[in-house]
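1. Have a look at this prediction, sequence included:
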Amino acid sequence: MKRYVDYLEPLIHNAPTMIVYDSFKGHLEESVKKKFKEINVNLAVIPGGLTSMCQPLDVTINKPFKDNLCKEWHLWMAGGGAGTTSAGNLRRASLSDVCGWVKRAWNKIPDEMIIESFKTCKISTSFGSDDETDDDGEINEDEISEDEIEDDDSIGGNDTSEDNEDDGSSGV
């Protein structure tokens, strides 16, 4: 995680930035939080089991992105992009083709949708204004109602951050 912060630092240029993470313990170590603070990055930490309700990518962005990506693949397939091997199997897409699909699929996600995803997840209320937020950007479990927790259980999302090897991050 500390190497990731070092990687991000020149990209951020010390501009106010927020990164949303799940509660995987590697994200929450004091040394990691301190490094993020040093480069002016606020962390929004999602409590375990609530990623499907509080992670902007999971709530709003992933489905349309995946739909766009699927359309790119279909267009490639319909255009004969795959071709066949001498054994009659479909050829795999080249890395440059896949990168192009991802880029075009992401470019079809409107900025407004990204902003709305953060509003929907109630991560920040200051979008579109010049006001600074009063809080430290972290979601406290006290701020989540019992109904929301029960709803999360009924969704069937078993994403316990400690068991998930994915880093669960989405940077903005």
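-> All right, it came through fine.
2. Please name the bridge partners of V45.
-> Taking DSSP bridges as the rule, V45 bridges to Y21.
3. any idea how far it is from Q55?
-> Computed as CB to CB, to the nearest Å, the V45 to Q55 distance reads 11 Å. Just so you know, the C-beta spots here come from the backbone N, C-alpha and C atoms, and that holds for glycine as well.
4. The two: who's more crowded?
-> Neighbours were counted for V45 and for Q55 using other CB atoms under 10 Å; Q55 has more, 24 against 21.
5. intersection of neighbour lists for V45 and Q55?
-> Residues touching both V45 and Q55 comprise D22, with contact defined as CB atoms under 8 Å, 6 or more residues apart in numbering.
6. burial measure for Y7, as a count.
-> Neighbours of Y7 under the rule other CB under 10 Å: 9.
7. Three-state assignment for it, please.
-> helix (DSSP: H, G, I helix; E, B strand; the rest coil).
8. Make 355 the starting number, not 1.
-> From this message on, residue numbering opens at 355, which makes the last subject Y361.
9. In the protein, what residue spans correspond to strands?
-> Under the criterion DSSP state E, strands of the chain are mapped to 371-376, 395-400, 524-525.
10. which ones are touching the closest residue to P418 other than its chain neighbours?
-> If the residues on either side of it in the chain are set aside, P418 comes closest to I463, at 6.3 Å by CB to CB, 6 or more residues apart in numbering. By CB under 8 Å, 6+ apart, I463 lies in contact with 415, 418-419, 422.
11. got TSV for those, with neighbour count and distance to V452 too?
-> Converted to TSV, those look like this (neighbours: other CB atoms under 10 Å; distance: CB to CB, whole Å):
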residue	neighbour count	distance to V452
I415	18	19
P418	14	18
F419	17	14
N422	17	13
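12. Closest one of those residues to Y358?
-> I415 (20.7 Å; CB to CB).
13. and the closest one, what does it touch?
-> 463, 467-468, 471.
14. Check the average confidence over stretch 472-486, would you?
-> The average pLDDT within stretch 472-486 is 63.
15. Output the below-cut-off pLDDT ranges for the chain.
-> Where the chain drops to pLDDT under 70, the residues are 478-526.
16. Kindly state the domain boundaries assigned to it.
-> 355-409+476-526, 412-474 (automatic domain parsing).
17. how far is the shortest one from where the chain is centred?
-> So the one you mean is domain 412-474. Relative to the chain's own centre, domain 412-474 is displaced by 16 Å; criterion: CA atoms, centre = their mean, to the nearest Å.
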